[in-house]
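1. one predicted model, sequence on top.
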Protein chains: 6
Amino acid sequence: MRILIVNPNTTASMTEKAATAARVVAASGTEIIAATSRMGPVSIEGHYDGALAIPGLLAELKERQGVGYDAAVIACFDDTGLEAARTFADVPILGLCESAVVTAGFLAQRFTVVTTLERSRVLIDNLVRRYGMGDRAKVRASDIPVLELEDAASGAIGKLRDEIEGALSEDGAEAIVLGCAGMTDLARELQEIYGVPVVDGVAAAVKQAEALVSLGLSTSKRGSYASPLPKSFTGAMSGFSPVLKVG
Amino acid sequence: MRILIVNPNTTASMTEKAATAARVVAASGTEIIAATSRMGPVSIEGHYDGALAIPGLLAELKERQGVGYDAAVIACFDDTGLEAARTFADVPILGLCESAVVTAGFLAQRFTVVTTLERSRVLIDNLVRRYGMGDRAKVRASDIPVLELEDAASGAIGKLRDEIEGALSEDGAEAIVLGCAGMTDLARELQEIYGVPVVDGVAAAVKQAEALVSLGLSTSKRGSYASPLPKSFTGAMSGFSPVLKVG
Amino acid sequence: MRILIVNPNTTASMTEKAATAARVVAASGTEIIAATSRMGPVSIEGHYDGALAIPGLLAELKERQGVGYDAAVIACFDDTGLEAARTFADVPILGLCESAVVTAGFLAQRFTVVTTLERSRVLIDNLVRRYGMGDRAKVRASDIPVLELEDAASGAIGKLRDEIEGALSEDGAEAIVLGCAGMTDLARELQEIYGVPVVDGVAAAVKQAEALVSLGLSTSKRGSYASPLPKSFTGAMSGFSPVLKVG
Amino acid sequence: MRILIVNPNTTASMTEKAATAARVVAASGTEIIAATSRMGPVSIEGHYDGALAIPGLLAELKERQGVGYDAAVIACFDDTGLEAARTFADVPILGLCESAVVTAGFLAQRFTVVTTLERSRVLIDNLVRRYGMGDRAKVRASDIPVLELEDAASGAIGKLRDEIEGALSEDGAEAIVLGCAGMTDLARELQEIYGVPVVDGVAAAVKQAEALVSLGLSTSKRGSYASPLPKSFTGAMSGFSPVLKVG
Amino acid sequence: MRILIVNPNTTASMTEKAATAARVVAASGTEIIAATSRMGPVSIEGHYDGALAIPGLLAELKERQGVGYDAAVIACFDDTGLEAARTFADVPILGLCESAVVTAGFLAQRFTVVTTLERSRVLIDNLVRRYGMGDRAKVRASDIPVLELEDAASGAIGKLRDEIEGALSEDGAEAIVLGCAGMTDLARELQEIYGVPVVDGVAAAVKQAEALVSLGLSTSKRGSYASPLPKSFTGAMSGFSPVLKVG
Amino acid sequence: MRILIVNPNTTASMTEKAATAARVVAASGTEIIAATSRMGPVSIEGHYDGALAIPGLLAELKERQGVGYDAAVIACFDDTGLEAARTFADVPILGLCESAVVTAGFLAQRFTVVTTLERSRVLIDNLVRRYGMGDRAKVRASDIPVLELEDAASGAIGKLRDEIEGALSEDGAEAIVLGCAGMTDLARELQEIYGVPVVDGVAAAVKQAEALVSLGLSTSKRGSYASPLPKSFTGAMSGFSPVLKVG
């Protein structure tokens, strides 16, 4: 089984971190391959960045069809382009937020997602509600720019720990979800420190991808995620025309 | 006051139809200008088309800043790119679905949205729920490809009327919302036939745009829609870098 | 176009304030006429006052049919008698709360309504939920009796500002809605001070009224708001009998 | 213990029917007294009738304070004026809809309310949702004008039975709630015919009133239902001024 | 009328306390009989205790059928085994939580349940949501082990009062529900101290039981609560086989 | 890794079927062990059967601690005893319904669960809502007694297929979830026939168990699922006393 990790931002060091996290939890027969978007923003902080990251994401999903993959993980906690990717692909596509909150839901009745910037907080809160966890999960922002997570000297981890402690003491959180792909390397350590489950989205998504492939399940092509209809795309988007794909 | 109507698909005849509908309802002091996306799909049918229409939409919003506009309407009922556009812009941005369901909410306690293809039905149903109308509105698909609405001989109107009749007799609908920008020219006639309010999204959005501009209100730049942070965008998306915009 | 502003309490100075606010935002072709209820309470603070204000409201709506109006705004943030008025009238009827929260919804994903007394807080919170904004809006009371808003020396504005500041720092509010018709003159100034959209219900409702009239839309007479059936009304209410209206 | 049954419409025969139903289920120590509104509509069918029935209802609640009562039941399934009455009174006030759906909730996980006219259906559906039963209860209209229930030859019972049968076969109803005070005499017979619990609102409300009085519980005067503030009421409403009540 | 109070834990002093509370509020014609479970935990604190208390509860319900009872109350605020008991029995079965929150709902629009341990807080919060009060009620834990409520010197009452005061000042509570059968003797006193309704579940459930019996209503045997199908039960559970019951 | 499949009913052939299904999808390093409850009902059809199956389930979970297991799956679609088991155990515990609906949620935006008897339909519908899928999933009953699924000649599969076809044509289902452990062997074939994802709970739960173990995650012991407190259990339940477990 081969799972593609696509980083929808263009920062290769984040791709590396996600791929490493993926390999740590992957089953013995699973090969992890990774791709970094080649067009779009260096980090995804809010709706504008997110929307403009989708073509780069879809381009990677398309190009790697040559190599082949059995499932793909979109390595951004905003689940950037998840619905478009599911419509495009014939294999299961996993997002970090959906995978992580679902995983936390097996472990705890109430939990808190700790993300980076305030501008991402409501965006993630809306995702959490859409995934049916609105009554069970709160979302906190720790005021950390995404790329500061790449810099050990930034003080980012201290801010993150402050919010985790607030979640435990004020929110009644029984588990913590790390709300950014860039936090993937911190989960195990934080779990030991706080003694509650700490869920990382990259790892969670990889296991969901393995599960779906093993089960012979893929995205339904009836209704919401039906394959794109053949039609003309123009300008810089002409390469995405579903006509070309079918032909 | 100048309102920009942006068609996020590349079909100029649909832009024309929307601009005409906008001009019919615009106040005397309102100038309607229209733009058609120059990159992306010829019609938006489902999540894949929608995601790939956003860069073209944002490009038009950016380019027309030269001319200047006081508010913009995204002329697609899927509210394609609405959140990204609100993050980008300093002026009010309106979507058809949000404007139409809000308008219907002033007129009726229960109503039905009639859209085109089944693949758009759940997408719109999810929007309706996000806009807080999940308990009040149903969504029906009439199995009409978007571009058939441009063809009088296609039988599209018959299918649309079948669904409206079903909404009235089975859903308890007290009003109808037309769930596609391409239906904008049908609202008045259908309202006369059925004797219930029939709401068109283009017209509704224009009036909401006028209202917000008159009230001196614009998108909040605190939290969810805070302006994009300056950062590097690469590849085909490099023109969208917020660095350039600020500079 | 003529829009009737009806104040459902009997305090003429509040009617004046609302009419002035309405005229400030009205389009050039819109005439604002105003009416003050002639029976009922001097201010509406809670359910009892509100229920007993409705006959006076409906009486004004009826009497002004002689002059004629194209839409009416009920100038109380509790949306007093809104459903009864919609059932009665053949023209669009707008409430302040519904108009304001809908308007705020175009500008922000999360916002806070700041109202007067604690006894009105839950009442408005229930309205906010009914209008589908329960996940997006909080309601705060500032402990100001309604008529103190008419008195510059009352300290009311200080209390109001305290709650706005609490909303911004504690609720994650991205915009503010002023939850009382008596605050209508404060919106612009508060918007400048706090740098977030501040929505006033009177102004918002006037623009929604203009929008609906321009669009040729009126309250559905199918289902919930079907015209009152002809029947006998007795005692002090005999003048409201729908028989008289039809005859 | 004395319980006041107030019929908010002016039809004395309906008051009689409700009082009779109340006496059938009242405990041995409970005295039922009844009052018919002396101002307002002869029946309550929709929002307009309902709003104009409230002053007559409140007048009876006030006048009967002379005789004294320990709790009151508002004998209309629309829960007309329930919140205003709770604000006014120092004793428990019960509505039929709230009492009936709560009672059904102890007996069944899913149930259907069968009411009279289509115009009342959404109104009751909104009440059902407010009382927290939106996921558990459906509402059907049987197209019976309220006063036809007083006429055995009207065919009303046949229409009612059709809807009950539809509820059982199509809605998955496990119990039935009769959604009009005028149906109170039919509950026992229908329960025998269909073999599922059939809940009548008048009877249910009487038992809730007895329960609250026995428990020494009354409406909270903190927050939503705080007693009306002393203030001037004018015109035909001047008799309702809370100043008079306190004095 | 005879009402059975079953304590699903094995602590007889709690049964006594509940029976006493029941007798205080029971109508003159109501006989209260009480039973203490003879198998299971001495107190119910969390899901494990609760699940293992159900067989003992059902055994008492079955054994007392010899004596006969017209309704039963399960004297634990977690509503332990409520659904199983309703499926088993031919008479109404009441739970404390459901009865109490419904009762509070007639008195206040917002209220707070104060329970014992943190581990019971979310469990009760989930019940509150299932009963449709999720928007209206909060749940607080006072960190009191259940059996400490039996010990006047434990300081339990002080902790309970702290949470009630927090509910009034921070939650906007208009009424209080005592969230443990062991608090049943405190309701009257706390109501006097705080001047808001304080609802005890035992008393509330007894009155609901009386109400249902008087109304001739019992659990629906259609759908969710249909009588157990005859089938073999083995091992320590063999005595519960529905075959025996039918035969 | 060793995963325990516990059948909470006492029918060994159903255990076998579930264990076989589990082994088909288990990863190469996963050992599946199976246990059949030795006390309780032969099948679980409704709340009564379910409650009385929990002690047998917990007894198996406890006894197999001698052998050791890394996670356990409760092989009943009603998620019988799931919360009690999570409270008891130190390893992840998975239920079929939660695992299956979560899995379907990655594949489709709308889906239908097809279960056996009508008496289980609302029970499962309530689970689906608790798991946050109430807006996305419908539940249908196919009128098949659980044990008929063991009998190829029973016509059960025809009834099941009828409901699947109804789900696709009437519910807008994009995927199907099989709502009974006894249907586990039918998933692949039905998926081929209908061309939409068909999710079996046993297989889904095994993969979730593997995922959690691989991720080093287990049930939170903070809050809802905190380990049972040491206390006395009496009678037939004395063996379940947490005192014994700790000692």
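-> Great, that's in hand. Every value quoted in this text rests on a predicted model; they were computed, and no experiment measured them. Numbering: from 1, shown residues only, chains lettered A, B, ... in the order given.
2. dump the residue contacts of A:Asn9.
-> By CB atoms under 8 Å, 6 or more residues apart in numbering or on different chains, the contact set of A:Asn9 is A:Thr36, A:Ser37, A:Gly40, A:Pro41, A:Val42, A:Ser43, A:Ile44, A:Asp49, A:Ala53, A:Cys76, A:Val146. Quick note: C-beta positions are derived from backbone N, CA and C, even for glycine.
3. that one falls within a strand, correct?
-> No. Secondary structure of A:Asn9 (DSSP: H, G, I helix; E, B strand; the rest coil): coil, not part of a strand.
4. about what we covered before: so how do I select the buried members of the contacts of A:Asn9 in ChimeraX?
-> Of the contacts of A:Asn9, the buried ones go into a single ChimeraX selection, burial set by 16 or more other CB atoms under 10 Å in any protein chain shown:
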select /A:36,37,40,41,42,43,44,49,53,76,146
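5. tell me the least confident of the contacts of A:Asn9?
-> Among those, A:Val146 carries the lowest pLDDT, at 83.
6. excluding sequence neighbours, find me the nearest residue to it.
-> A:Ser43 (4.1 Å; CB to CB, 6 or more residues apart in numbering or on different chains).
7. tell me the domain ranges of chain A?
-> Listed domain ranges for chain A are A:2-95+A:204-246, A:98-201 (source: automatic domain parsing).
8. residue contacts, the residue most central in space within chain A?
-> What sits nearest the mean C-alpha location of chain A, by CA atoms, centre = their mean, is A:Leu96, with 2.8 Å. Counting by CB under 8 Å, 6+ apart, A:Leu96 makes contact with A:Val73, A:Ile74, A:Ala75, A:Cys76, A:Phe77, A:Asp79, A:Ala181, A:Gly201, A:Val202, A:Ala204, A:Ala205.
9. need the max-distance pair from these.
-> Within the contacts of A:Leu96, A:Cys76 and A:Ala204 form the most distant pair, 13.6 Å apart (CB to CB).
10. and the longest helix anywhere in chain A, what does it pack onto?
-> If you go by DSSP state H, chain A has its longest helix at helix A:47-63. Judged by 3 or more CB pairs under 8 Å, 6 or more residues apart in numbering or on different chains; DSSP states H and E, helix A:47-63 is in contact with strand A:2-7, strand A:31-36, strand A:40-41, helix A:82-88, helix B:47-63, helix B:82-88.
11. check which helices and strands the helix or strand following it is in contact with.
-> Following helix A:47-63 in sequence order, the next helix or strand is strand A:71-74 (DSSP states H and E). If you count contacts as 3+ CB pairs under 8 Å, 6+ apart, strand A:71-74 packs onto strand A:2-7, helix A:82-88, strand A:93-95, helix A:96-105, helix A:201-214.
12. 10 Å instead?
-> strand A:2-7, helix A:12-25, strand A:31-36, helix A:47-63, helix A:82-88, strand A:93-95, helix A:96-105, helix A:201-214 (3 or more CB pairs under 10 Å, 6 or more residues apart in numbering or on different chains; DSSP states H and E).
13. ok, now which ones touch whichever residue of chain A sits closest to chain C?
-> The shortest separation between chain A and chain C is 4.9 Å, found at A:Val122 (distances taken as CB to the nearest CB). Neighbouring residues of A:Val122 by CB atoms under 10 Å, 6 or more residues apart in numbering or on different chains: A:46-47, A:139, A:141, B:223-225, C:108-110, C:136, C:172, C:174.
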